[in-house]
Structures are given as C-alpha cells and as structure tokens.
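J.: Sharing a model prediction with you, sequence too.
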Amino acid sequence: MNSTSDPPLRLTFGRFRVFPERREVLADGQPIKLGGRAFDVLMALVEARGAVVTRETLIARVWPGRIIEENSLAAQIAALRAAFGAERALIRTVSGRGYQFTGTIHVEPASPGEPVGAVGARPASVSPPTNVPEPLSELIGREEELSEILNLVTMHWLVTLTGAGGIGKTALALALARELRPHFADGVWLAEFSALADPGLVPATMVAAVGIELGGGEASAQRVARALADRRMLLVLDTCEHVITAAAAMAEAMLGAGSGLRIIATSREPLRAGGEWIYPVQPLAVPAMDVAVGDDPLRYGAVRLFIERARAAEPHFAPDRRLIAMIAAICRRLDGIPLAIELAAARASALGIEVLAARLDDRFGLLTGGRRTALPRHQALRATLDWSYELLAEPERVVLRRLAVFAGSFSLEAAAAVAAGPELAAADVIEGLLGLVAKSLVVAEGEGAVTRYRLLDTTRAYALEELEKNGEHDALARRNAEYYREVFERTEAECETRPAAEWLADHGLRIDNLRAALDWAFSPGGDAALGVALTTAAAPLWMHLSLVDECRSRAEQALAALEENRGDPRGEMKAHAALAASLMFIRGAAAPEVGAAWAKAVELAENLADKEFQLQSLYGLWAFHINSGRHRVALQLAQTKGSAHCW
C-alpha cells in the first residue's frame, strides 16, 4: 500500500489496528495472532476498500501459482472472523461472488517506535499455553460448521456439540480450540472424560487437565471453579455423555465463578446446564441418489474425506469417475458419518472399491481396524454403537431396537402403535423416543406442521441385530405390517375425495415402510395373507407416485400367494384390479392382459355382490374394449352397469 520510501502506515477500523509493515494486528491494544495466509487475505480485502473480492482473486493473491481447494480459503476466512470476535460481520460473504470487507478504514502514519500492544500484553510470538494436541490429519468438509460454531463461542459462555457416535464432535471441538487459542491469554485446555467410570472424578480430571493447584483436600466443582475464577481461558470438556450430570455441574460452577471462561463440550446429548447453547453436529454432506448431471461429487465433504483417507493408505489411489460414483454411494450408505467413512477408506486399498461396496451389508464385521492409538470405541464401527447402546436405560434400548422395523421415516403415532406392547405402554414409547432424539440416536425431521423421525442406516442396522438377538423381530415386523395395512385401508377411499397432491403429501413418505412390511409379509417366516391385504390397500399409493411397475410387481406377488392359498376372493379381486390399472400404463390400455385382469376383477366382484367394485372394474373393462376397437361390446357394458373410476 505504500512504497519503501514512505513512512510506515497504520490502518484502523473500529477497535482494530493493522501494521502492514510488521504484519501485525491489534485489538484494543492487544496483539492478535494470525497465520500468514489469514493476514494476506485480510490485506487483500482491506485494500479493496469495500469492493467484493472474488475467491479466484484471493486464491491467486494468497497462494500464487498453486492449485488449492476452495475450503482452504474458507478456513482462512473463518480464522479472520474468529479473530474479530463480535465484529465478525466485518467480513461479509457475497453469495456466488466472493468476500467483502465492510468496515470503515482509516490510514494513518505509524509513529516511529510505536509499541506493539498495550503494556504487559503477551508478545505476538508467544502462544498461550495449551494441552490440545496438534492435528494428525486435516479436518475435511467442516468449513461451514467451524464458522458457525466460532460465531456461537464468541457470543455464549457454553456451547455443546451434540451428535451420534463417530459424527466428529471431538475433531470439531479440537479444531475450534486451536483456532481460538490466540484469544485466551491463560490458555486452551482439554479435559477428556471418555476413560472415566466414576462421575465423581470429573473435578479431579479438570484439575489435571488445566494443571492448577488446589492446596490439598479433595477436588470439587466449587474448588475448581474458584481456582479458575480470574483466568481467561477456553475449556474443552470432551465426551460428557456417560458423566453428564457431573459434567453439567462442573460447567455451571466454572461459568458462575468467572467471566473470562468459555466452555466447549462434546456429548451425545445436551448437558442441560444453565446458559448452554446447543450445536447439533450433522453428518458430512453426501451426494443425493438422484444427483444432477454435471454435479461434482468431490464438492461433498464425505466423498473428499473418503478419498483423502484412502490416499493416506495408498498414495497412488486415483479413482476414475465410475469409482468416484461408487464412493459416493458408499458414503450415502454410511450416512456421511466420518468415523464410518474413515474405517471404510482404510479397507479400500485391501479390498478395492467394488468389493467394499458389495460387502457393506456386513458393515460391522467389515469396518474395523481404526488407529491403534484411538479409543477402543473408535477402532470399530460396532464398538462405537455398543458404547451408545450400553449407556441407554433398558426402556430406551427396547424402544430403539423396536424402531428398527421402520425402514423410512415414521410419525409419533406409528412409533407408539408399533413399538408399544403389554410390557411397554404407548406413553413410555413416546418418552423413550424423545430421549433417543436427545441422545442423537434418532433423527427428528420437521417438515411442515408434523415432525417425523428416522434412524440413520448404520444405527438401524445395529438396532435390527439387537432386535433379532432378543427374539423380537418377527413379532415387531408383524405389528408393523398390521399397522400399515390399517393405515392404508383407512386412507384407500380418500383417493377419490381428496386432492391428489394433498393425499400424496400425507401418505407418500410411507413408501419405504410399506416396502419393508411387504418384504417381511411375503418372506418364508411372514404372513402372505397380511401381505395380500396390505398390497391391495396400498395400490393407490403406487399409482399416485407413478410407481406403476412396482404396483404391477406387487400385485403379481399377491396373486401368486393367493394361487397357493385360496380363500380370499376379495383380496384376489382387488389384486386383479391393481394389476390391470398398472398394466394399462406399462403395456397400453388395449393390451390383452389388461382386459383379462379387468374381466377377472368383474367376475369376482359379481360373485361377491360388491356393487361399488363392480362399477369400478366394469369401467376398466369398458375402457379396455374402447381402446381395443370393440365399441359394440363397450356399449353393451355401459348400458348394462354404468361406470365409475377410482384411479
């Protein structure tokens, strides 16, 4: 900004001063430690004087001549925002364009020999103390989360990262601690609770982590809090779920004793401590199954993580487009859970991507062999879920494994109807479900006015094993099929009276659970009669979803079952009608098999004296004759019975 002959300049905006010559930034006279690249990004934005600076321009300025991923720039932006604290809005993201510096900048000559920072400030070259370990690998796919949580930590005393086992809570917390270290003069300290069997040892663990002296006597939350009262530090309380009451008491005591403390906690469920702000950690982004043509799978964090970890095991790993698509499918099946993806990537060099993808049904036997130095529950996928399952109270274990019968999302009503039993009231099921949501083992999805719930695929696979182990699978599968038969029988008539879009919004989300119920019903240990009833009741759903070939297949499956076990003429009648309706779209309205199916439906309806179904099936048969050019036959049918139309 100035030639070498000009006197040094000082840039000021708000409470910040920047000395470009010294590459130093002060806030309220105190030095801020910034990395070299973060400082270069800041200078590029400041020099633009309010203009938007594109990502390409920033990358070319900060990493000249290098090809880097855009998340490297996002990480530097996050570091700057963290340094600005409450004034993080000084750097604005302009969607689709780049970044903009929003502060008012004053350029002044720096006084010769002007001191760097206030008297007694920590020299910029000396970092605050810490026991947080250096990262062993890059944190991938979490740029947005880092930025959001940094913002929360600057505004709130206690932020708890919640989420399922293996979701990456600890990795995020440690990355945040490293990022925030320059802003806490008395250090950033990690207290690990994972090895504790006794909650009473939480205060002693804090004492050991921070390295404070209590002057003899037993450690307690209050004594630790008093010892830290005048400190300015960030504390990371890691893995709190199994000592959660003690961890919550510790956090409240420390925050009540001093205003210079900030706490980041990681836990499967919230601490429910005073002043707590909760950040639910989500799985890494994965490409959708119906990903748009041209969409790059490498822009998704889960895929990037898999490839990076696979390269760590095999440096020459270079997947082509076909293998990258398979990797995306693997990441989807693993729910975007970082631990599962890392374990899978470690197997890729030995098995190959194709074999790995084919064997994921045995994920708990396959995904083992994590780092030898990792916690035992992080060395195998099953161990991670064992840890979470064993921490549950027995009623919650029962509810979790019973909810595994749902292959898709489900409502509160469905959970209560299917999971309840003589030994577990519906109210207890609802209470258990809500507890499982709080413990990150069930996902709550709010769409519109109704909340629906689901199990991640990996959690469901584990819970299904537990259901089998406890001898409950067939009983719960039957209850599930009976529930959906009743639901679809109640709603079958609505297809005529409600707008199609409204009807589909209510019932379309049930398709995965319908499929699972039918798969069980027509299995060797299932109930074919129940499967027939469910098939015929659910036929309108397939037709509304335009799944006509699936409707045909299920109708044929029902008719094949009826061939083996006659005795349900009404089910046979409805199955023939469903078959005919679907074949009209597949083979054409004039196809002979369409006419045969409608004729059989008419015959059965007449034998049952079912007037309404006679009209419906006669209409189908009439339409078949019209489309086949048999107008005289069609006229005779119309004159005889009239017509009606259901689908």
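T.: Looks like it came in fine. The structure presented is a predicted model; accordingly, all values stated were derived computationally and were not measured. Numbering: from 1, shown residues only.

J.: okay, now the domains of the chain?
T.: What automatic domain parsing lists as the domains of the chain is 9-109, 143-280, 297-383.

J.: mind checking which helix or strand residue 263 is in?
T.: Taking DSSP states H and E as the definition, residue 263 sits inside strand 261-267.

J.: quick one on the thing from earlier: okay, the domains of the chain in CSV with mean neighbour count next?
T.: In this view, the C-beta of every residue, glycine as well, is placed from N, C-alpha and C. Output for the domains of the chain, formatted as CSV (neighbours: other C-beta atoms under 10 Å):
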stretch, mean neighbour count
domain 9-109, 16
domain 143-280, 20
domain 297-383, 18
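
J.: Which among those domains is found nearest to residue 602?
T.: Closest to residue 602 of the domains of the chain is domain 297-383 (C-beta to C-beta; 44.6 Å).

J.: Can you give me the first-to-last residue distance of that closest one?
T.: One end of domain 297-383 sits 30 Å from the other (C-alpha to C-alpha, to the nearest Å).

J.: How about stretch 32-40?
T.: End-to-end for stretch 32-40, by C-alpha to C-alpha: 14 Å.

J.: so residue 558 makes contact with residue 573?
T.: No - applying C-beta atoms under 8 Å, one finds residue 558 not in contact with residue 573, separated by 11.3 Å.

J.: Which of the two has more residues huddled nearby?
T.: residue 558 (30 against 25; other C-beta atoms under 10 Å).

J.: For residue 182, which non-adjacent residue is closest in space?
T.: The shortest distance from residue 182 to any non-neighbouring residue, by C-beta to C-beta, 6 or more residues apart in numbering, is to residue 33 (3.5 Å).

J.: From residue 83, how far out is that neighbour?
T.: Distance of residue 33 to residue 83, given as C-beta to C-beta, to the nearest Å: 8 Å.

J.: Now for the two: what residues contact both?
T.: Common contacts of residue 33 and residue 83 (C-beta atoms under 8 Å, 6 or more residues apart in numbering): residue 182.

J.: So which residues make contact with stretch 298-315?
T.: Contacts of stretch 298-315 (C-beta under 8 Å, 6+ apart): 69, 137-138, 140-142, 283-287, 297, 317, 319, 324, 327-328, 330-331, 334, 336, 338, 341-342, 344-346, 348-349.

J.: Kindly export that stretch (C-alpha atoms) in PDB.
T.: Output of stretch 298-315 as PDB, limited to C-alpha atoms (Å, rounded to 0.1, in the frame of the first residue of the first chain):
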ATOM      1  CA  LEU A 298     -15.800 -34.100  -5.000                       C
ATOM      2  CA  ARG A 299     -17.600 -31.000  -3.700                       C
ATOM      3  CA  TYR A 300     -19.200 -33.100  -0.900                       C
ATOM      4  CA  GLY A 301     -17.200 -33.400   2.300                       C
ATOM      5  CA  ALA A 302     -18.000 -37.200   2.700                       C
ATOM      6  CA  VAL A 303     -16.500 -38.100  -0.700                       C
ATOM      7  CA  ARG A 304     -13.400 -35.900  -0.100                       C
ATOM      8  CA  LEU A 305     -12.800 -37.400   3.300                       C
ATOM      9  CA  PHE A 306     -13.000 -41.000   1.800                       C
ATOM     10  CA  ILE A 307     -10.600 -40.200  -1.000                       C
ATOM     11  CA  GLU A 308      -8.100 -38.400   1.300                       C
ATOM     12  CA  ARG A 309      -8.100 -41.200   3.900                       C
ATOM     13  CA  ALA A 310      -7.800 -43.800   1.100                       C
ATOM     14  CA  ARG A 311      -4.800 -41.900  -0.300                       C
ATOM     15  CA  ALA A 312      -3.200 -42.000   3.200                       C
ATOM     16  CA  ALA A 313      -3.300 -45.800   2.900                       C
ATOM     17  CA  GLU A 314      -2.400 -45.900  -0.800                       C
ATOM     18  CA  PRO A 315      -0.600 -42.800  -2.100                       C
END
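
J.: what separates the one helix or strand residue 311 maps to from the chain centre, distance-wise?
T.: If you go by DSSP H and E, residue 311 is part of helix 301-313. Put simply, helix 301-313 sits 19 Å off its chain's centre (C-alpha atoms, centre = their mean, to the nearest Å).

J.: If I take the next helix or strand after it and helix 301-313, what angle do their directions form?
T.: Toward the C-terminus, helix 301-313 is succeeded by helix 321-333 as the next helix or strand (DSSP H and E). Helix 321-333 and helix 301-313 are oriented at 110 degrees to each other (axes from the mean of the first three to the mean of the last three C-alpha atoms, to 10 degrees).

J.: so for the following helix or strand past helix 321-333, what's the average pLDDT?
T.: Next helix or strand after helix 321-333 toward the C-terminus (DSSP H and E): helix 338-351. Mean per-residue pLDDT for helix 338-351: 82.

J.: same thing with stretch 261-274?
T.: Mean predicted lDDT for stretch 261-274 stands at 93.

J.: now do stretch 102-111
T.: When pLDDT is averaged along stretch 102-111, the result is 74.

J.: Then stretch 312-326?
T.: Mean predicted lDDT for stretch 312-326 stands at 84.

J.: With stretch 385-394 instead?
T.: Stretch 385-394 comes out at a mean pLDDT of 87.

J.: where does residue 149 land on pLDDT?
T.: 89.

J.: And the one helix or strand it maps to, what does it pack against?
T.: Assigning secondary structure by DSSP H and E places residue 149 in helix 143-155. Packing contacts for helix 143-155, counted by 3 or more C-beta pairs under 8 Å, 6 or more residues apart in numbering; DSSP states H and E, involve helix 70-84, strand 158-162, helix 169-180, strand 261-267, strand 276-280.
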